[in-house]
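Participant: below are the sequence and a predicted model; questions follow.
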Amino acid sequence: MRYDVVIIGSGVAGLYTAIALPKELKVLVINKSNPWECNTYYAQGGVTTAYNDEDIASHVEDTLDAGAGMCNTDAVQLMSESSQGVIRDLIHRGFVFDTDEEGNLLYTKEAAHSRSRILHAGGDATGRHLHFFLLNQNPHPMLSDTTVVDLLIEEGRCCGVETVTRGKRKIILADNVVIASGGVGSLYEYHTNASTISGDIHGICIEKGIELESMEMMQFHPTVFVANNWARKQLLSEALRGEGAHVVDENGYRFLFEYDPRGELAPRDIVSRAIFDYKQRSAKQVYLSCEDFESEYFKERFPNIYKSLNDLGFHLPKERVPISPAFHYAVGGIKTDIHGAIPDVKGLYAAGESASTGVHGANRLASNSLLEGLVFSKKVAESILVHSEHGCSENFKISNEPLELEGDKEKKDQLRRIMWDNVSIVRTPEGLQKAYEAIAKMLSEDVGRLLRLRLLTARSIVVSAQKRSESIGVHFITQGIKE
Ligand SMILES: Cc1cc2nc3c(=O)[nH]c(=O)nc-3n(C[C@H](O)[C@H](O)[C@H](O)COP(=O)(O)OP(=O)(O)OC[C@H]3O[C@@H](n4cnc5c(N)ncnc54)[C@H](O)[C@@H]3O)c2cc1C
């Protein structure tokens, strides 16, 4: 089986790449479970765009500020300059963003944006609407329930992937491979991510000597209801705080102003740490209160959150919801250039949350990730159309390394706890060393390939965090011993 392009992942990055590749090419989109089980589907708040040409400078500045001096300025500039174009493209293709009664686009504001510039769809169901739309636009075949377990690399070029579908392993050859496999959520005990998101392709990249960048930069969302029974915890979108929800303790006190004069509108890492610290210091429960919203408006503007929380027994907007921070977004990832190409490996690209284009630096500005996925996946498609070459051999054999071994499930859970306890919102040198040793021990044992890939990715997060002794952006490290 040989393709022109194999795309690993069917979230925004994978699908928008696919859509930008002509039907005449032989393209295959692969996803791990069903096409919907991806972070794109769960996105709530919206997609950022420069409001108009004059707003580009301000959007760039907000993004650079959030990134704490670590962004790739060229990539940020490119993303903002391309933003109106990708939004126009979606609209021309027929995508419907929320509008007012006169048909004007409705823009909302989220933390650390200096103006309203976030478009949304279906109220707070932007991801679901966008994902459904992109799935319908995709002209290429899709292979679901299929996990990529290896990249086929020969003499500095990528020649395809090894996959497993319901236990059956297969080699799929391709002139170009696009990694659009998302972030690393399942490495953490508490996270908001889809169940398919486990950083295994990052692990393969480590094995192949492909550089990962800024892996210490992992973003935690401050307002998550973590007391449900599923692995994926229920996010309460940033847009709620942007539009007037308050973070309060059990006495109704808005303690965030003790930490930052912007209160609820401070960047999410500041809010996450404030909640984490306040909970520890005061031993009080922390809540998100939406009681200032008018009920009918709330139901219409946030139908998704309204329903999900109602199903969990909370009657919004009048009833407050207990919250905690949880892992949310991988800022770091597989290093690419600003066209999405992976240096030193021909025919290999990455886009979306799996990639590190440098646009987020040390922290991601809210709702810049769907935009990043759209802009850079388009760049990937453009690069493929210009640079695609044949030239691979067909000498690839299915590996016989077992994918799973008995005991892996318990070790996966152990890994999630280690990462949450030691490599999350507040890090210490002792905690990081403890995590490093526990991961090294598991790596030295007999484990299946899928767990090994997760362990490699987790270790890269720990090692990157150990190398950065100063706090910056989402990486917060104190010298004290963490209990
Ligand atoms: C709850 C939630 C709310 C969010 N809200 C917003 C928001 O409002 N605005 C915003 O900009 N961002 C938001 N984000 C972030 C944003 O949704 C993601 O960063 C973005 O959707 C990632 O898109 P992606 O295409 O890179 O990856 P994903 O959409 O996560 O897709 C990854 C794909 O890769 C596949 N895959 C993974 N590993 C393998 C493998 N080994 N083999 C085969 N397939 C594989 C998966 O099956 C999946 O299809 C939110 C995220 C979450 C979790």
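Facilitator: Thanks, I have the structure now. Here the structure is a predicted model, which means the values were calculated and not measured.

Participant: okay, CA-based contacts and neighbour counts for the rest of this
Facilitator: Fine.

Participant: what residues of stretch 315-332 count as buried?
Facilitator: Within stretch 315-332, the residues that count as buried by 16 or more other CA atoms under 10 Å are 316-317, 320-332.

Participant: low-confidence ranges, the chain, go.
Facilitator: Low-confidence segments of the chain (pLDDT under 70): 480-483.

Participant: and the contacts of the longest strand along it?
Facilitator: Ranked by residue count under DSSP state E, the longest strand found in the chain is strand 168-179. Defining contact as CA atoms under 8 Å, 6 or more residues apart in numbering, one finds that strand 168-179 is touched by 1-9, 14, 158-164, 201, 347-351, 354, 380, 384, 388-392, 394, 396-398.

Participant: buried ones among those residues?
Facilitator: Among these, those classed as buried by neighbour count (16+ other CA under 10 Å) are 2-9, 14, 158-164, 201, 347-351, 354, 380, 384, 392, 396.

Participant: in strands, which of those appear?
Facilitator: With strands taken from DSSP E, the overlap with these comprises 2-8, 158-164, 348-350.

Participant: what ranges do the strands span in the stretch 201-350 of the chain?
Facilitator: 212-213, 218-225, 234-235, 246-249, 286-289, 321-322, 324-330, 333-335, 348-350 (DSSP state E, counting those that start in this stretch).

Participant: pairing partners for the third one, with directions?
Facilitator: This points to strand 234-235. Strand 234-235 sits in its sheet next to strand 218-225 (antiparallel), going by DSSP bridges.

Participant: same check on the first one?
Facilitator: The sheet places strand 212-213 alongside strand 333-335 (antiparallel), with pairing taken from DSSP bridges.

Participant: ok, which of the buried ones among the contacts of strand 168-179 also contact the ligand?
Facilitator: Residues of the buried ones among the contacts of strand 168-179 in contact with the ligand (CA under 6 Å from any ligand atom): Ile8, Gly9, Gly14, Ile201, Ser354.

Participant: list the residues that contact the third one.
Facilitator: In other words, Gly14. Ile7, Ile8, Val29, Val178, Ile179, Ala180, Ser181, Ala351, Gly352, Ser377.

Participant: the fourth one too?
Facilitator: Neighbouring residues of Ile201 by CA under 8 Å, 6+ apart: Val148, Val149, Asp150, Ile179, Ser181, Leu453.

Participant: take the residues you listed and keep only those in helices.
Facilitator: Leu453 (DSSP state H).

Participant: I'd like the contacts of Ile201 laid out as a markdown table, including distance to Leu288 and neighbour count.
Facilitator: Formatted as a markdown table, those follow (distance: CA to CA, whole Å; neighbours: other CA atoms under 10 Å):
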| residue | distance to Leu288 | neighbour count |
| --- | --- | --- |
| Val148 | 39 | 24 |
| Val149 | 40 | 21 |
| Asp150 | 43 | 23 |
| Ile179 | 36 | 27 |
| Ser181 | 32 | 32 |
| Leu453 | 36 | 25 |
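
Participant: near the ligand too, which of the contacts of Ile201?
Facilitator: Val148, Val149, Ser181.

Participant: residue contacts, the second one?
Facilitator: What that stands for is Val149. Contacts of Val149 (CA under 8 Å, 6+ apart): Val161, Glu162, Thr163, Val164, Asp200, Ile201, Ile204, Arg449, Leu450.

Participant: what of the first one?
Facilitator: Contacts for Val148 were tallied using CA under 8 Å, 6+ apart; they are Ile8, Lys32, Val161, Glu162, Thr163, Val164, Ile201.

Participant: what is the nearest of the residues you listed to the ligand?
Facilitator: Lys32 (3.9 Å; CA to the nearest ligand atom).

Participant: tell me the angle the longest strand of the chain makes with strand 2-8.
Facilitator: Between the axes of strand 168-179 and strand 2-8, defined by axes from the mean of the first three to the mean of the last three CA atoms, to 10 degrees, the angle is 80 degrees.

Participant: now do the domain split for this protein, please.
Facilitator: Listed by automatic domain parsing, the domain ranges of the chain are 218-327, 408-467.

Participant: could I get the strands of the stretch 201-350 of the chain as JSON lines with distance to Ala341?
Facilitator: Shown next, in JSON lines, are the strands of the stretch 201-350 of the chain (distance: least, CA to CA, whole Å):
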{"stretch": "strand 212-213", "distance to Ala341": "13"}
{"stretch": "strand 218-225", "distance to Ala341": "22"}
{"stretch": "strand 234-235", "distance to Ala341": "32"}
{"stretch": "strand 246-249", "distance to Ala341": "41"}
{"stretch": "strand 286-289", "distance to Ala341": "41"}
{"stretch": "strand 321-322", "distance to Ala341": "43"}
{"stretch": "strand 324-330", "distance to Ala341": "19"}
{"stretch": "strand 333-335", "distance to Ala341": "9"}
{"stretch": "strand 348-350", "distance to Ala341": "4"}
